[in-house]
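K.L.:
okay, here's the prediction I keep looking at, along with the sequence it came from:
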Amino acid sequence: MIALKGHYDGKVIVPEEPVNLPAGERLLITLKLMRKRKGSKKQPALQWMADNAVADDRLPSDLAHEHDHYLYGTPKKGKPKNI
């Protein structure tokens, strides 16, 4: 499998680097858009989670305290002392 970077000029896909293939070779081409969001910066994962938090009563509110239960099925520890 060969991966190439390129761009679409409105009519054809133009590779950004030389392609070493025989002329007339049949290809299966899969495209993945490499869009950059304007003004976007990488952000820490915790910031992303905070920005995209979902309020849903079906989700557990004690994930940090009961992570072993949700990950491995161990018995719940019970309510934390500081809550």
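P.N.:
In hand now; what should we look at? Here the structure is a predicted model, which means the values were calculated and not measured.

K.L.:
might you list the low-confidence residue ranges for this protein?
P.N.:
The chain contains residues with pLDDT under 70 at 36-40, 63, 82-83.

K.L.:
now the helices for it?
P.N.:
Assigned by DSSP state H, the chain shows helices spanning 45-51, 67-72.

K.L.:
please identify the most buried of those helices.
P.N.:
Among the helices of the chain, helix 67-72 has the highest mean neighbour count (mean count of other Cβ atoms under 10 Å), at a mean of 11. All C-beta atoms are positioned from the backbone trio N, CA, C, and that covers glycine.

K.L.:
of the helices of the chain, which approaches residue 31 most closely?
P.N.:
Of all these, helix 45-51 sits nearest to residue 31, with 26.1 Å by Cβ to Cβ.

K.L.:
give me the residues contacting that closest one.
P.N.:
With contacts defined as Cβ atoms under 8 Å, 6 or more residues apart in numbering, helix 45-51 is touched by residue 43.

K.L.:
for it, list the C-alpha coordinates in PDB.
P.N.:
Only the C-alpha atoms of helix 45-51 are listed here, as PDB (Å, rounded to 0.1, in the frame of the first residue of the first chain):
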ATOM      1  CA  ALA A  45      -7.500  16.100  26.500                       C
ATOM      2  CA  LEU A  46      -8.900  17.200  29.800                       C
ATOM      3  CA  GLN A  47      -9.800  20.600  28.400                       C
ATOM      4  CA  TRP A  48     -11.500  18.900  25.400                       C
ATOM      5  CA  MET A  49     -13.500  16.700  27.700                       C
ATOM      6  CA  ALA A  50     -14.600  19.600  29.800                       C
ATOM      7  CA  ASP A  51     -15.600  21.600  26.700                       C
END
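
K.L.:
many thanks, we can stop here.
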